[in-house]
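**Student:** Sequence below, structure please.
(2 chains)
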Amino acid sequence: MTKVKIYVTLRESVLDPQGSAVQGSLAKMGYNEVSDVRIGKYLEVTIGETTCSIDDLVKEMCEKLLANTVIEDYRFEVEEEN
Amino acid sequence: MKFAVLVFPGSNCDIDMYHAIKDELGEEVEYVWHTATDLSKFDGILVPGGFSYGDYLRCGAMASQSNVMAEVKKAAAEGKPVLGVCNGFQILTEAGLLPGALLRNKNLKFMCRTVQLKVENNSTLFTNQYEQGQIINIPIAHGEGNYFCDEETLAKLKENNQIVFTYSGENPNGSLEDIAGIINERGNVLGMMPHPERAANDLLGSSDGLALFKSIVKQWRESHVSN
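**Tutor:** Just a heads-up that it's a prediction; the model follows:
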């Protein structure tokens, strides 16, 4: 089994009103040093036996479904598991 | 003219759409479940609003991968009219049938009210029954209708006259250039956040949406019926 940790984040050019709202709340709580908050998604995908390259497989899944590359970037880490 | 109203798990404007076509427009219409693998008998495809797959992951993302969407792509390639409203618009962008994406409303609120739209292009098969620049009253109901695309795409949309509707006056969601609805380059796939099917009878507050459906039928008759 292989565990893949996938991070999907909004592209820098895309406004994140949710992140801005959270930053506003943090500022109200006194955390004035926070200059920006961006909210993204974290996915854990467990992959069973496969002859495909895990990297290629995950990339394909991200491009097709897990991320919308018009507005999002993604990166992932592959962890071997037994 | 025979319309298909697609139904996904979580669609909730399918009945409104069906009603608008059958009772207000007086054309044939059928519900089509998302597992369908053949749309060839239909002349027009309507992708209704709602919350397909609970809006999980991203609005419209999972619906865009369903069986029926492969058929919608085929229908679009054949030049058949395809209309996506609200979640339907989100599905069409996720499926790559329309450029750009719909982001969370700028004010983070679900906006549910009647807004004024400006008809920016009345020479499409969806808008030929409107006047150029006409202001129409159509309801919106969405939390993620903030249209976004990169500058290059925006320039292309403008160049090809693909921006069909804009919000007139107040922009309810922060969309780029006040965009409310866009069409594909070929001119047969329209996506819009406002709900014309909910404005198909004066009893519902406005009948301004009916002309959109009448436009589709008019164009279809002109190209398919000869005496």
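**Student:** and residue B:222, which of the three is it?
**Tutor:** helix (DSSP: H, G, I helix; E, B strand; the rest coil).
**Student:** Same question for residue A:79.
**Tutor:** strand.
**Student:** Name the helix or strand for residue B:71, please.
**Tutor:** For residue B:71, the host element (DSSP states H and E) is helix B:67-77.
**Student:** what does chain B have sitting close to chain A?
**Tutor:** Along chain B, the residues adjacent to chain A under the rule Cβ under 8 Å from any Cβ of the partner chain are B:57-58, B:61-62, B:65, B:93-94, B:99-101, B:103-108, B:148-150, B:174. For glycine as for every other residue, the C-beta is placed from the backbone atoms N, C-alpha and C.
**Student:** filter the residues you listed to the buried ones?
**Tutor:** Using 16 or more other Cβ atoms under 10 Å in any protein chain shown as the burial test, those include B:57-58, B:61-62, B:93-94, B:99-101, B:103-106, B:148-150, B:174 as buried.
**Student:** Give me the contact list for the helix holding residue B:71.
**Tutor:** Contacting residues not belonging to helix B:67-77 are listed as B:6, B:32-39, B:42, B:45, B:47, B:63, B:82, B:91, B:95, B:97, B:184, B:186, B:188-189 [Cβ atoms under 8 Å, 6 or more residues apart in numbering or on different chains].
**Student:** residues touching the residue of chain B found nearest chain A, list them.
**Tutor:** Closest approach of chain B to chain A (Cβ to the nearest Cβ) occurs at residue B:101, with a separation of 4.5 Å. Residue B:101 is in contact with A:68, A:70-71, B:93-94, B:147-149, counting by Cβ under 8 Å, 6+ apart.
**Student:** Distance check, it against residue B:77.
**Tutor:** 22 Å (Cβ to Cβ, to the nearest Å).
**Student:** Need the residues that contact the longest helix anywhere in chain A.
**Tutor:** Ordering each helix of chain A by length in residues (DSSP state H) puts helix A:17-28 first. With contacts defined as Cβ under 8 Å, 6+ apart, helix A:17-28 is touched by A:10, A:34-39, B:104-108, B:174.
**Student:** change it to 7 Å
**Tutor:** Helix A:17-28 is touched from outside by A:34, A:36-39, B:104, B:106, B:108, with contacts defined as Cβ atoms under 7 Å, 6 or more residues apart in numbering or on different chains.
**Student:** same thing with stretch B:129-146?
**Tutor:** B:59, B:86, B:90, B:102-106, B:110-119, B:122, B:168, B:172-175, B:193-196, B:198-199, B:206, B:208-209, B:211, B:214-215, B:218.
**Student:** buried ones in it?
**Tutor:** B:129-130, B:134, B:136-146.
**Student:** before we move on, back to that, can you list which of the contacts of residue B:101 are found in helices?
**Tutor:** B:93-94.
**Student:** Switch the contacts of residue B:101 over to CSV; also include distance to residue A:3 and pLDDT.
**Tutor:** Output for these, formatted as CSV (distance: Cβ to Cβ, whole Å; pLDDT from 0 to 100):
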residue, distance to residue A:3, pLDDT
A:68, 24, 97
A:70, 28, 95
A:71, 26, 96
B:93, 31, 98
B:94, 27, 98
B:147, 36, 98
B:148, 32, 97
B:149, 35, 97
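**Student:** Filter the contacts of residue B:101 down to the ones in strands?
**Tutor:** Assignment to strands by DSSP state E places the following of those there: B:147-148.
**Student:** what does chain A put close to chain B?
**Tutor:** A:14, A:17-18, A:21, A:65, A:68, A:70-71 (Cβ under 7 Å from any Cβ of the partner chain).
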